[in-house]
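Peer 1: build me a model:
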Amino acid sequence: MDRLAFSRLCSLLQDLGGLTNSKYVNVQEKVAMFFSILAHHTKNRSIKFQCKRSGQTVSKHFHSVLKLHSLFLVQPERVAEDSKDPRWQNFKGCLDALDGTYIDVHVLAVDQARYRNRKGQTSVNVLGIL
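Peer 2: Residues are numbered from 1 along each chain as shown. The predicted structure is shown next:
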């Protein structure tokens, strides 16, 4: 994320979400800790040492940003029953479709080459409909 986008997000969280500077931690640092935990799948302990804050402070500010997720969360809408779009005609009443789920399978030795994925395992790509 570039600096301009980051500063715009911080100002949106301040204006719309009511996120404020605390006595020792400003909004930018709160959002940076939040994204660092999410993007790098790090623990509070790691962020605690990087930002030189206590674990309680990191956790408190992580959750203060996390509770604002409803501002940017888009709720899915069901496909209308009278939808004329040909891409959705078989999915009436469904919320969403997930693609890219690999399920390991056991197949005959002669068919294994067809089912081998890029990691060398035999699997099938499954389309899941919600």
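Peer 1: low-scoring stretches of this protein, by residue?
Peer 2: For the chain, applying pLDDT under 70 flags the ranges 76, 87-93, 95-100, 128-130.
Peer 1: hey, where'd the strands end up in it?
Peer 2: 97-104, 123-129 (DSSP state E).
Peer 1: using CSV, list the CA coordinates for the shortest one.
Peer 2: In CSV, the C-alpha atoms belonging to strand 123-129 read as follows (Å, rounded to 0.1, in the frame of the first residue of the first chain):
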residue,chain,number,x,y,z
SER,A,123,-6.3,-33.5,-6.6
VAL,A,124,-9.4,-32.0,-8.1
ASN,A,125,-10.3,-28.3,-8.4
VAL,A,126,-13.8,-27.9,-6.9
LEU,A,127,-16.4,-25.2,-7.5
GLY,A,128,-18.3,-24.6,-4.3
ILE,A,129,-21.7,-22.8,-4.4
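Peer 1: parallel or antiparallel, list what pairs with it.
Peer 2: Listed by DSSP bridges, the sheet partners of strand 123-129 and their directions read strand 97-104 (antiparallel).
Peer 1: show me where this protein has helices.
Peer 2: Using DSSP state H, the helices found in the chain span residues 3-15, 27-40, 44-51, 55-66, 112-115.
Peer 1: so for this protein, the centremost residue is which one?
Peer 2: Of all residues in the chain, the one closest to the mean position by CA atoms, centre = their mean is Leu38, 8.3 Å from it.
Peer 1: tell me the contacts of it?
Peer 2: Leu38 is in contact with no residue at all, counting by CB atoms under 8 Å, 6 or more residues apart in numbering. Quick note: C-beta positions are derived from backbone N, CA and C, even for glycine.
Peer 1: hmm, Val27 and His61 touching each other?
Peer 2: No - if you go by CB atoms under 8 Å, His61 and Val27 don't touch, sitting 9.5 Å apart.
Peer 1: how distant is stretch 120-130 from the center of its chain?
Peer 2: On the basis of CA atoms, centre = their mean, to the nearest Å, stretch 120-130 is displaced by 21 Å from the centre of the chain it belongs to.
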